[in-house]
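> Provided below for reference: sequence and predicted model.
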Amino acid sequence: MSKNLLLKIIVLLIAAVLWLQLILLQEHVESFKIPVTLINLPAQLVPNQEELPEIPVTIKARGIDLVYVQLSGVTFEVDASEFSYGENKLLLNSNNLAKPKRIKIELNDVAAGEELYVNLDRVIEKKKNIELRYKTAEDEEYFSNYKIQLSGIKVSVSGPSSLVNEVASIKTDKLSRNSVVNDKIKVNLIKPDPRLQLQKEQLNLDIMESRIVTKTISLIPITFPHTLEISIIPQKVTVMISGPEDILQEVDKNSITARLDINNINNQEYTGILFELPTGTKIQEYTPNRIQVIRND
């Protein structure tokens, strides 16, 4: 009885091996999604999107080769040496399919005949103010009484222009007075987006006692994108800011940027203002705090 059972198992195993061999050696047609990589991309250009799309394709090949396609990381390698700012057409075919030499496949439909593009942005670099953050209200009060020596310090940010231009300031990790050693503190800078690069990721700052004062600055122009067909009333704003006395002595209306808050302005008649301030200062109040938006039809 046991011999018959063993014989049946052996026969089943042989049959399974033969069946698997037949499947692996027969040709099949399967659908896949293959990622795109750009090679020889000019240093001053970068893709707008964080990840390039995966392209749907149909592949005809032996079963064993289809398994290799799934396991070996096949990609479309596109030569981007001649690409320019804006939209660039992706020419995808078997010639730029990067795969191990042992794999033999026939590439059929690529994205069902659609025209595919990649949008490239310019790489720029700008200096940005540093925005201090605090762990607790007590820590903020402590650092308000003792000035962190940040005067004139900015950090360079590089990356796609569309991202760099949106960055108002570079935030720090939350500061704690327990981290102060010998009137110094190390602070880490937070990258606003993975696609951006910071000139430095940590600052060593000196702390010194300073008198906190307030200052009122008038006639700061309110900016907004020129592509918006709108007018605003009023066009300038007055702010009261506070900060270390020696920093505020240098602050004037050119030191502060007032940007119209354009979020949801299509649904609102009034909106607020977003400010970029010198590091170490903060707004106490501003007037007017509501700006009328008039659409130029």
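In hand now; what should we look at?

> Buried residues in stretch 181-194, which are they?
Across stretch 181-194, burial judged by 16 or more other C-beta atoms under 10 Å covers Ile185, Val187, Leu189, Lys191, Pro192. Every residue, glycine included, has its C-beta placed from N, CA and C.

> Turn those into a markdown table, including distance to Ser84, pLDDT and secondary structure.
Rendered in a markdown table, the data for the buried residues of stretch 181-194 read as follows (distance: C-beta to C-beta, whole Å; pLDDT from 0 to 100; DSSP: H, G, I helix; E, B strand; the rest coil):
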| residue | distance to Ser84 | pLDDT | secondary structure |
| --- | --- | --- | --- |
| Ile185 | 45 | 85 | strand |
| Val187 | 40 | 88 | strand |
| Leu189 | 32 | 94 | strand |
| Lys191 | 27 | 92 | coil |
| Pro192 | 26 | 90 | coil |
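
> Would you reformat these as CSV and include distance to Glu30?
Below are the buried residues of stretch 181-194 laid out as CSV (distance: C-beta to C-beta, whole Å):
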residue, distance to Glu30
Ile185, 58
Val187, 53
Leu189, 47
Lys191, 40
Pro192, 41
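
> List just the nearest of those to Thr287.
Of all the buried residues of stretch 181-194, Pro192 has the smallest distance to Thr287: 29.7 Å, by C-beta to C-beta.

> pretty sure the closest one contacts Ile170?
Yes. At 7.1 Å, Pro192 and Ile170 qualify as touching, with contact defined as C-beta atoms under 8 Å.

> and the strand of greatest length in the chain, what does it pack onto?
Looking across the chain with DSSP state E, the single longest strand is strand 116-134. Strand 116-134 is packed against strand 45-47, strand 86-90, helix 137-145, strand 155-160, helix 161-164, strand 169-175, with contacts defined by 3 or more C-beta pairs under 8 Å, 6 or more residues apart in numbering; DSSP states H and E.

> Those: which one's closest to Ile59?
When the helices and strands packed on strand 116-134 are compared (using C-beta to C-beta), the closest one is strand 86-90, at 18.1 Å.

> What strands line up against the closest one, and which way round?
For strand 86-90, the pairing partners within the sheet under DSSP bridges are strand 116-134 (antiparallel).

> If you count neighbours, what's buried in the partner strand?
Here strand 116-134 shows Leu116, Val118, Leu120, Asp121, Arg122, Val123, Lys128, Asn129, Ile130, Glu131, Leu132, Tyr134 as buried, counting by 16+ other C-beta under 10 Å.

> ok, now stretch 282-297?
Buried residues in stretch 282-297 (16+ other C-beta under 10 Å): Tyr286, Ile291, Val293.

> residues making contact with it?
Contacts to stretch 282-297, defined as C-beta atoms under 8 Å, 6 or more residues apart in numbering, come from residues 214, 222, 229-234, 237-243, 260, 265, 268-273, 275, 277.

> again, only this time at 6 Å
229-233, 237-242, 265, 270-271, 275 (C-beta atoms under 6 Å, 6 or more residues apart in numbering).

> for stretch 154-161, same thing?
Identification of contacts with stretch 154-161 by C-beta under 6 Å, 6+ apart yields 46, 121-122, 124-129, 164, 167, 170, 195-199.

> re the thing from before, nearest to Glu82, of the buried residues of stretch 282-297?
Nearest member of these to Glu82, counting by C-beta to C-beta, is Val293, at 43.3 Å.
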